[in-house]
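Participant: Structure here, sequence nowhere to be found:
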Ligand SMILES: Cc1ncc(C[n+]2csc(CCOP(=O)(O)OP(=O)(O)O)c2C)c(N)n1
Ligand code: SF4
Ligand SMILES: [Mg+2]
């Protein structure tokens, strides 16, 4: 895999400038999702952001948000959210903040923090019943530092550090199920390419109290190696092939909110991304392609 592909995003041409003057990559699926989510949440929101690509959105004293933003280290956004929530609750209790001026506390983190470094702090926050919404934009790697593998990296994807010829040897961790096992209030997956489904889930999560997760797959042209103009199409293919099931859980059964029948073969999604190029050239790796298809088929067979 070419190191050239993994230039730090600060070195990329500033094709997507926000109010802060900070450069983000063109066609960033994470940024698309954050914009859609903020449209629903509005300015009475405090984002508590674990270090990652979205940290570049707000560089003090500049921000494209009308609401508030707190930057934390990768592992401790849920702890930061606890402090902000407690402070707001105290201000309201002491009548120094009108209830209608109260703010929603939203953790915004990448998969590196959500699936790995911050998982322990997240689990503890759920155990305490912290009233927060956790939004993870999942670009399936440590994007900000050049797309090293995270616990969210899928099987066979090439990453900046993957030495194995067939790409990442591990499997993507099932964060949705981990959250459900912790018995929070609400857990959902979403994607920016399905904006109505995403908006409905954020609206629903906003109306609930307690720990809530919306886990958003974030197609990443820089880390996944595709043309920025294809971001929405690749997001739709993630859903149409069944690789990224759209679903939600609210204390009962898991409900799938968009199901494509018949599902497209996974190769339709994989072949569009350079991180899977080695599965197609110089010759097709039928064993790994069949393995990926079998894992997706097994998931859908298990949910009926
Ligand atoms: C404890 C710690 N280790 C490493 C870093 C360096 N670092 C900053 S952002 C980042 C990648 C985070 O990955 P992810 O959470 O997936 O967010 P993304 O960059 O993909 O948006 C890393 C490793 C850090 N800030 N803190
Ligand atoms: S590296 Fe990926 S997630 Fe990060 S800003 Fe660029 S496109 Fe977005
Ligand atoms: Mg990431």
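Facilitator: Arrived safely. The shown structure was predicted, so the numbers you read here are calculated from the model rather than taken from an experiment. Residues are numbered from 1 along each chain as shown. Ligands and ions are numbered 1, 2, ... in the order given.
Participant: alpha carbons only for contacts and neighbour counts from here, please
Facilitator: Will do.
Participant: where exactly do the strands run in the protein?
Facilitator: 16-17, 23-24, 45-50, 68-72, 104-110, 132-138, 186-191, 211-217, 246-249, 254-258 (DSSP state E).
Participant: May I see the ones you listed arranged in a markdown table, with mean pLDDT and mean neighbour count as well?
Facilitator: Converted to a markdown table, the strands of the chain look like this (pLDDT from 0 to 100; neighbours: other Cα atoms under 10 Å):
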| stretch | mean pLDDT | mean neighbour count |
| --- | --- | --- |
| strand 16-17 | 34 | 14 |
| strand 23-24 | 77 | 20 |
| strand 45-50 | 97 | 24 |
| strand 68-72 | 95 | 19 |
| strand 104-110 | 98 | 28 |
| strand 132-138 | 98 | 26 |
| strand 186-191 | 98 | 27 |
| strand 211-217 | 98 | 26 |
| strand 246-249 | 98 | 22 |
| strand 254-258 | 97 | 14 |
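Participant: tell me the phi and psi of the residue of the stretch 151-300 of the chain found nearest ligand 3?
Facilitator: Going by Cα to the ion, ligand 3 is nearest to residue 152 of the stretch 151-300 of the chain, at 8.0 Å. With angles defined as degrees, to the nearest 10, residue 152 sits at phi -100, psi 0.
Participant: So it sits against residue 136, correct?
Facilitator: No - Residue 152 lies out of contact with residue 136 (Cα atoms under 8 Å); the separation is 11.2 Å.
Participant: Give me the common contacts of the two.
Facilitator: Residues touching both residue 152 and residue 136 by Cα atoms under 8 Å, 6 or more residues apart in numbering: residue 111.
Participant: How many residues are close by the residue of the stretch 151-300 of the chain closest to ligand 3?
Facilitator: Residue 152: 23 surrounding residues under other Cα atoms under 10 Å.
Participant: before we move on, the earlier item: kindly state which of the strands of the chain is positioned closest to ligand 2.
Facilitator: Of all those, strand 23-24 sits nearest to ligand 2, with 4.8 Å by Cα to the nearest ligand atom.
Participant: Give the other helices and strands that the closest one contacts.
Facilitator: Helices and strands touching strand 23-24, by 3 or more Cα pairs under 8 Å, 6 or more residues apart in numbering; DSSP states H and E, are strand 16-17.
Participant: and the gap between the spatially most central residue of the chain and residue 201?
Facilitator: For the chain, the residue nearest the mean C-alpha position is residue 137 (1.7 Å; Cα atoms, centre = their mean). For residue 137, the distance to residue 201 equals 14 Å [Cα to Cα, to the nearest Å].
Participant: May I see the strands of the chain organised as CSV, with distance to residue 266 added?
Facilitator: Below are the strands of the chain laid out as CSV (distance: least, Cα to Cα, whole Å):
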stretch, distance to residue 266
strand 16-17, 30
strand 23-24, 29
strand 45-50, 32
strand 68-72, 37
strand 104-110, 24
strand 132-138, 19
strand 186-191, 17
strand 211-217, 16
strand 246-249, 16
strand 254-258, 17
